[in-house]
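Enquirer: following is a predicted model, sequence given first.
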Amino acid sequence: GAGVSQSPSNKVTEKGKDVELRCDPISGHTALYWYRQRLGQGLEFLIYFQGNSAPDKSGLPSDRFSAERTGESVSTLTIQRTQQEDSAVYLCASSPRLAARETQYFGPGTRLLVL
Amino acid sequence: AQSVTQLDSQVPVFEEAPVELRCNYSSSVSVYLFWYVQYPNQGLQLLLKYLSGSTLVESINGFEAEFNKSQTSFHLRKPSVHISDTAEYFCAVSAAGGSYIPTFGRGTSLIVHP
């Protein structure tokens, strides 16, 4: 079946602009995760969803970041007033359920460059 | 909270040579351990994982990892690598009965030379 998809694959924006990143999880997966991957660094957890609920938003770097999810489907990560330090690859993953032992299935990522 | 250390940021190796990618973790509770691989311009995909039972786990493409509780390690090994194994490898740990979110290491870039 189809895997996790993300769009756009690449985004170049000017400092101060807002960007919206989209993630389509695998159908039937209730859990969805957003990560940020800076060059040469590991994955930085941002937020997760159980269904359309996000119980813990403490991983979001600042109040410029927000995320929402429609039902158990598509999720969007919005970055307002982008800064150069927001440049990174943003990865989305989904899993059948929210559990520590579950495998996460990752999308190809959105590469964001803020000029 | 748990943490993961991947000691090597880059491992160059010749084709058909053996390789070991190191991963150490710390946690105050029982853990689940994962290795993910990221090929160029692709997302991460699961290579293998340890949940319980046998401490030696294997992947379908010849990699294996051994959970060593006393040394808090989960090193990844392959006896003979191929050019196609060139990729970024991430070790991850999650706490059994704890946070749903795994902690990822910084990754090790495996570069296989002909």
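Expert: Received, thanks. All values reported here derive from a predicted model rather than from experimental measurement.

Enquirer: for the rest of this, base every contact and every neighbour count on C-alpha atoms.
Expert: OK.

Enquirer: by contact count, what packs against the helix or strand of chain A with the lowest mean pLDDT?
Expert: Ranked by mean pLDDT, DSSP states H and E, the helix or strand of chain A with the weakest confidence is strand A:43-50, at a mean of 92. If contacts are counted by 3 or more CA pairs under 8 Å, 6 or more residues apart in numbering or on different chains; DSSP states H and E, strand A:43-50 sits against strand A:31-37, strand B:103-104.

Enquirer: the first one vs strand A:43-50, what angle?
Expert: Strand A:31-37 and strand A:43-50 meet at an angle of 160 degrees, taking axes from the mean of the first three to the mean of the last three CA atoms, to 10 degrees as the criterion.

Enquirer: what is the neighbour count of B:Val29?
Expert: The local packing count at B:Val29 equals 13, with neighbours defined by other CA atoms under 10 Å in any protein chain shown.

Enquirer: three-state assignment of it?
Expert: Following DSSP: H, G, I helix; E, B strand; the rest coil, we place B:Val29 in the coil state.

Enquirer: look up which residues are beta-bridged to the closest residue to it other than its chain neighbours.
Expert: For B:Val29, ignoring the flanking residues on the chain, the nearest one in space by CA to CA, 6 or more residues apart in numbering or on different chains is B:Ala95 at 6.4 Å. Counting by DSSP bridges, B:Ala95 forms beta bridges with B:Val31.

Enquirer: next, count neighbours for B:Ala95.
Expert: The burial count assigned to B:Ala95 is 22, neighbours taken as other CA under 10 Å.

Enquirer: pLDDT at it, what is it?
Expert: At B:Ala95, the predicted lDDT confidence score is 88.

Enquirer: pull the contacting residues for it.
Expert: Contact criterion CA atoms under 8 Å, 6 or more residues apart in numbering or on different chains gives A:Ala100, B:Gln2, B:Ser27, B:Val29, B:Ser30, B:Val31, B:Tyr32, B:Pro102 as the residues in contact with B:Ala95.

Enquirer: that one and A:Gly16, how far apart?
Expert: With the distance defined as CA to CA, to the nearest Å, B:Ala95 ends up 38 Å from A:Gly16.
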